[in-house]
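K.L.:
need a structure here:
(one chain, ligands or ions: 1)
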Amino acid sequence: MWMLQINNVNDTYGKCEEIKPLSGSVIIFGASGDLTSRKLIPAIFNLFRRNLLPDSFYLIGMARSDFSDETFREKIYASSEKSEKFSEFLKRIFYISGDYSDQTYYLKLKKRISELDKKFKNNSNHIFYFATPPVVYLPIIKMLGHAELTDEKTGFSRVIVEKPFGYDYNSSLELNSELHKYLKESQIYRIDHYLGKETVQNILMLRFANTIFEPLWNYKYIDHVQITVAEKLGVENRAGYFDSTGLLRDMFQNHMLQLLSMITIEPPYSLDANAIRDEKKKLINSIRPFDRNNINSYIVRGQYSDGIIDGKSVLPYNRETGINSDSYTETFVSSKILIDNWRWSGVPFYLRSGKRMNKKLSRIAIVFKKVPHYIFGNELNTEPNVLLLNIQPDEGFEFMVQAKQPGSKLCMNTLNMKFRYNPSDSPDAYERLILDSLIGDQTLFVRDDGMGISWKLFTPVLEDWAHRKQNNLFYYSSGSWGPSESEALIKNDGRTWIN
Ligand SMILES: NC(=O)c1ccc[n+]([C@@H]2O[C@H](COP(=O)([O-])OP(=O)(O)OC[C@H]3O[C@@H](n4cnc5c(N)ncnc54)[C@H](OP(=O)(O)O)[C@@H]3O)[C@@H](O)[C@H]2O)c1
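P.N.:
Sure, this is the predicted structure:
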């Protein structure tokens, strides 16, 4: 295969400058946890470094662990870069320890907020970030509401809710209804960090800012689409969370479905958050529901056994620390999805995601149909055109076309036109999303109705699996591409996974 590197053209159009929010502070619940130290603090600090936080910015960490402002700052400092800028950032960080179910904890928070609003001249604009395990979302929202911290009497009051948003269809409805007792939908930011990734945002530009793709973007020209989100890691230090959640809830109901909808929605009438989310809702509603009597033909679940990753032997899932030896939690899912609408009639979408896979890869492959009449003879390459959207690693896209190879008269090969983002140009997804929440842009966040219907789609599968327990759970070697049943899922249709 030849490679043609396409460089970024320097001329840029549109609003290339970031908007700096006028005012706002961030209060993180679960501030002693992994997400806060690994993702949120670095993302917020990067915004600070890029001068994109409001001048009135401050951050309050909330959790049960006993820290003072000073010891919390020391904890953050220990796992961060050591620079003058970071020391400056730390002066805006505070911490209150307490019990989430105790109303006095929220009264303390209210008092602290009022003092810090005055000190930093913040006009009562607050983001409450729920980075705790989901079991405490409901008590927190209730207590915030009772303390009148969700009222928007003077400034804004918004909540960012982490995944998993509920456990199934009914629990997501319950969580939504509890949130709506205290907040309007415009105050709720359900985060799906995949939507903050550059390549994922680029899907809309690629589709709707170019004329060449949209005419081909349908059942007439597209044979099928593959979406792969694979990682080499196992459960690491999140065994408790993962074992009670499983891969379908962790990846499919949210990230995979969001990627699928970005690829398949109809053109929205504008970039307005609700215009895009209306289209997503329509799209997810048109996904063919899984037939309860035939779930196995459309969705495969697997669990990793032992194997080799990066030359080292690794343990099977059910011998990992914190996992029960008889656990039947899935660490791999692949699925064939059909969309019953005019544009996508008959086009299969093959989705797969797993842990302990052969390589770390998040990619969407749009595989076009072969030409209707081939004049070059059977011995020549007859590969279809493929558009690859690389989410990670190597963020960017590639387009494969057939072209003449210099030399003999009839020599053809696949030419790969490749565009790669410069990694230093791509801010972390959490930076984009936290900044958007401070600005009040909900485009990249999931709306209540979209959340509900995505759970509705997968809840029958979850119920079927809970009923079957170990039955139809297929084991795969760590370091492979999943169980052979996943290969069969696509091979039965005469296609193969693109690895
Ligand atoms: N980590 C990630 O990469 C990641 C990625 C995507 C989404 N998320 C989601 O983000 C949220 C936080 O993730 P995390 O990995 O930071 O979780 P975590 O480390 O397990 O928990 C965060 C903090 O919550 C508190 N906590 C734990 N169990 C609690 C309980 N039963 N009741 C009250 N507080 C409890 C703990 O602080 P105290 O004991 O000090 O109170 C802990 O430090 C979760 O909903 C997770 O699903 C995480």
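K.L.:
need the contact list for residue 456.
P.N.:
Applying C-beta atoms under 8 Å, 6 or more residues apart in numbering to residue 456 gives the contacts residue 169. The way it works is simple: take the backbone N, C-alpha and C, and place the C-beta from them, glycine included.
K.L.:
what about the helix or strand that contains it, distance to the chain center?
P.N.:
Assigned by DSSP states H and E, residue 456 belongs to helix 448-468. Remark: helix 448-468 is offset 18 Å from the chain centroid, using C-alpha atoms, centre = their mean, to the nearest Å.
K.L.:
Tell me the buried residues in that helix?
P.N.:
448-462, 464-465 (16 or more other C-beta atoms under 10 Å).
K.L.:
Ok, stretch 224-239 next?
P.N.:
Result for stretch 224-239 [16+ other C-beta under 10 Å]: buried residues 224-232, 234-235, 239.
K.L.:
strands paired with the following helix or strand past the helix holding residue 456, and their directions?
P.N.:
Using DSSP H and E, the helix or strand that follows helix 448-468 in sequence is strand 473-478. Strand 473-478 sits in its sheet next to strand 299-309 (parallel), going by DSSP bridges.
K.L.:
Would you mind getting the angle between the strand it pairs with and helix 448-468?
P.N.:
80 degrees (axes from the mean of the first three to the mean of the last three C-alpha atoms, to 10 degrees).
K.L.:
if we can go back for a sec, which of the buried residues of stretch 224-239 lies closest to residue 214?
P.N.:
residue 225 (15.2 Å; C-beta to C-beta).
K.L.:
so the closest one sits right up against residue 339, yeah?
P.N.:
No - contact between residue 225 and residue 339 fails when scored by C-beta atoms under 8 Å: they sit 10.0 Å apart.
K.L.:
Overlap in contacts, the two.
P.N.:
347, 349.
K.L.:
Let me know the secondary structure of the residue in the stretch 301-450 of the chain positioned nearest to the ligand.
P.N.:
In the stretch 301-450 of the chain, the residue that lies nearest the ligand is residue 430 (9.5 Å; C-beta to the nearest ligand atom). Three-state assignment for residue 430 (DSSP: H, G, I helix; E, B strand; the rest coil): helix.
K.L.:
got the phi/psi numbers for the closest residue to it other than its chain neighbours?
P.N.:
Nearest non-adjacent residue to residue 430, counting by C-beta to C-beta, 6 or more residues apart in numbering: residue 43, 3.7 Å away. As for residue 43, its main-chain torsions (degrees, to the nearest 10) stand at phi -70, psi -40.
K.L.:
Against residue 435, how distant is residue 43?
P.N.:
9 Å (C-beta to C-beta, to the nearest Å).
K.L.:
ditto for residue 28
P.N.:
Counting by C-beta to C-beta, the gap from residue 28 to residue 435 is 16 Å.
K.L.:
Name the secondary structure element that contains residue 417.
P.N.:
strand 412-420.
K.L.:
Kindly report the same for residue 292.
P.N.:
Going by DSSP H and E, residue 292 is not part of any helix or strand.
K.L.:
Surely residue 128 touches residue 161?
P.N.:
No - counting by C-beta under 8 Å, residue 128 sits too far from residue 161 to count as a contact (9.4 Å).
K.L.:
Please give the per-domain residue ranges for the protein, including any split domains.
P.N.:
Per automatic domain parsing, the structural domains of the chain span 25-162, 195-422+447-491.
K.L.:
can I get these in TSV with distance to the ligand and mean pLDDT?
P.N.:
What follows is the domains of the chain, written out as TSV (distance: least, C-beta to the nearest ligand atom, whole Å; pLDDT from 0 to 100):
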stretch	distance to the ligand	mean pLDDT
domain 25-162	2	95
domain 195-422+447-491	6	93
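K.L.:
Save the ones you listed as CSV, and put in distance to residue 173 too.
P.N.:
Converted to CSV, the domains of the chain look like this (distance: least, C-beta to C-beta, whole Å):
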stretch, distance to residue 173
domain 25-162, 13
domain 195-422+447-491, 6
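K.L.:
Which one, of these, ends up nearest to residue 440?
P.N.:
Between those, domain 25-162 lies closest to residue 440; by C-beta to C-beta that is 6.8 Å.
K.L.:
mind checking the end-to-end distance for the closest one?
P.N.:
Distance between the two ends of domain 25-162: 18 Å, counting by C-alpha to C-alpha, to the nearest Å.
K.L.:
for stretch 419-437, same thing?
P.N.:
Stretch 419-437 end-to-end distance (C-alpha to C-alpha) = 30 Å.
K.L.:
what's residue 79 in contact with, if anything?
P.N.:
Residue 79 neighbours (C-beta under 8 Å, 6+ apart): residue 37.
K.L.:
Swap in 10 Å and give it another go.
P.N.:
Contact analysis of residue 79 by C-beta atoms under 10 Å, 6 or more residues apart in numbering lists 37-38, 41-42.
K.L.:
what does residue 135 give?
P.N.:
Per C-beta under 10 Å, 6+ apart, neighbours of residue 135: residue 100.
K.L.:
what would the contacts of residue 79 look like in TSV with neighbour count?
P.N.:
Shown next, in TSV, are the contacts of residue 79 (neighbours: other C-beta atoms under 10 Å):
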residue	neighbour count
37	16
38	12
41	23
42	18
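K.L.:
What is the burial count for residue 198?
P.N.:
For residue 198, the count of nearby residues is 18 (other C-beta atoms under 10 Å).
K.L.:
repeat for the one 10 residues further on
P.N.:
Burial of residue 208 is recorded as 15 neighbouring residues (other C-beta under 10 Å).
K.L.:
Residue 189 too?
P.N.:
Neighbours around residue 189, by other C-beta under 10 Å: 23.
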